[in-house]
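A.B. asks: I need the structure of the sequence given here:
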Amino acid sequence: MKQLGIIEYLASTDISNVQSSLVPPRLRTQIVEYMSELGNKSLTSFSSVKWKQFAKDYGAEFGLSMDHHDWEMRLGGRTTPSYPLPPTFLKHLIAHALCWIDVYGRISANEVRLRLLEPFLVPIIALFQGRVIDQPEELMEGRKHSTGGRVEHEIILVGGVLFFVVELKADIKRGKDPIYADHVAQLFLELLSAAEHNRSLDLDGLQIHGLLSDFSMFFFYTYDPTTKCFYRNERIAIAPYPRTQMCQDLVQVCNKIFGVILTAYIEGLEALAKKSRKRAARGNFSNESSSPFMTNDNNSGSDPQDSGTRKSRDMAIHFAKLCQQTLGTGIGDIGEIEQNGAKALAYLKKSVSSIKRESDEGNLYKTELDIMTEKDRFDLADKSVCTQYELIRQMQEHRKSFDRSMKDYESGPSNAHKRGRQEFESSK
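C.D. replies: Modelled structure (predicted):
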């Protein structure tokens, strides 16, 4: 009870006071979690971190400059490819997203920016059919490089592999602005925290990608645990007006986000495959050693190297790389882009169908169809809408019939008998 009182007391203060306090890490994490449960809207991941303090603590280890004037120039460059999605896919995506922009109107707060990014993120992540999932507004647990805090999006591969973190801020000013450097410091801490999470899964060499955005500027960064270096990935600017230019710029953003996720998806699969081989070499043939790949029920062997696990794993990687190669053939006319894009997404579908979906336990929706085509989705939607409206119509008819019966009864038994006789005759 005494500890709970301390948590409640500290949770009533600003998050920065909690993160800079001398409270033990375990208790500090409990405080942050408690603040999240209270719905404290001021809670953002690592929001009190400043660049100078971050560089002072980690600069020597990760080769960072303390000076916010030239820190970015000292970062190396490592650009993740952008891949052209099919034009029809992007047309539907942007048309839908424009409705969101109309609904939310003025972009003036982090919460609005978070929602504006979702109509772009969700359809792209949905291409991976539940094998890549988004955990929006996730509370990151306290780890070596963090005290814990809220991150807008964590993009995770099945098996718990964390590879893409999204941080949204209001009115980012790039260049020598110290506030921008502070935002980057907060994102870098999240990348370090994600790398530590993956290391706990024996995936310590996996790159982590990050996006810092205010919906007018998109800054992509990458952290490589093997070199212990941060890299500038790419910067994309969005014109706020006219809308035609804004939509053109959003095409570039969508292709970039898809490129990052596809690249990280392949890297994650290869990291899991490497982990499986290492465990098999040590004689560990537990289910964990081959998760999340499918197994062949007809194969009774326990060695994942001799079972259907290896085949399904290799198929997932093979088709994902075919998707990548097909999209990387270059830009032709609209017809060629559409054709290549459709072919590439068909390869991606084959890849994800080789991997087990996240457990249905706790999922909001469950489906008998593991992989749903566009036709499957529309057929299900059509059946659901038509069936529900038919039920509503039947309920209304029953209600009308009941109301008529009650009215006739109240006006006298003879009228009720007369109406009943008329209805009987008309039904013949």
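A.B. asks: helix, strand, or coil at Leu85?
C.D. replies: Following DSSP: H, G, I helix; E, B strand; the rest coil, we place Leu85 in the coil state.
A.B. asks: surely it touches Asn255?
C.D. replies: Yes: at 5.9 Å, Leu85 and Asn255 qualify as touching, with contact defined as CB atoms under 8 Å. The way it works is simple: take the backbone N, C-alpha and C, and place the C-beta from them, glycine included.
A.B. asks: pLDDT weak spots in the stretch 101-250 of the chain?
C.D. replies: For the stretch 101-250 of the chain, applying pLDDT under 70 flags the ranges 104-114, 136-152, 159, 170-178.
A.B. asks: show me where it has helices.
C.D. replies: Here the stretch 101-250 of the chain has its helices, by DSSP state H, counting those that start in this stretch, at 110-126, 178-200, 243-281.
A.B. asks: so the last one versus helix 110-126, what angle?
C.D. replies: Spelled out, it's helix 243-281. With axes from the mean of the first three to the mean of the last three CA atoms, to 10 degrees defining the directions, helix 243-281 sits at 60 degrees from helix 110-126.
A.B. asks: who's in contact with Phe89?
C.D. replies: By CB atoms under 8 Å, 6 or more residues apart in numbering, the contact set of Phe89 is 123, 341, 345.
A.B. asks: out of the residues you listed, which is most surrounded?
C.D. replies: The most neighbours of any of the contacts of Phe89, using other CB atoms under 10 Å, belong to Gly341, which has 21 neighbours.
A.B. asks: in space, what's closest to it - neighbours in sequence excluded?
C.D. replies: Leaving aside its chain neighbours, Gly341 sits nearest to Pro86 (3.1 Å; criterion: CB to CB, 6 or more residues apart in numbering).
A.B. asks: what's the burial count for that neighbour?
C.D. replies: 19.
A.B. asks: how far does stretch 322-337 stretch from start to finish?
C.D. replies: Start and end residues of stretch 322-337 are separated by 16 Å (CA to CA, to the nearest Å).
A.B. asks: can you list the buried residues in that stretch?
C.D. replies: By 16 or more other CB atoms under 10 Å, the buried positions in stretch 322-337 come out as 322-324, 326-327, 337.
A.B. asks: may I ask which two of the residues you listed are separated the most?
C.D. replies: Of all pairs drawn from the buried residues of stretch 322-337, the greatest distance, 17.1 Å, lies between Leu322 and Ile337 (CB to CB).
A.B. asks: how about the strands in this protein?
C.D. replies: 76-77, 132-140, 149-157, 161-168, 208-213, 217-224, 229-237 (DSSP state E).
A.B. asks: which one of these lies nearest to Tyr409?
C.D. replies: Of all those, strand 132-140 sits nearest to Tyr409, with 55.7 Å by CB to CB.
A.B. asks: tally of neighbours for the nearest residue to Arg235 once chain neighbours are set aside?
C.D. replies: Once flanking residues are discounted, Arg235 sits nearest to Phe219: 5.5 Å by CB to CB, 6+ apart. Residues near Phe219, counting by other CB under 10 Å, number 23.
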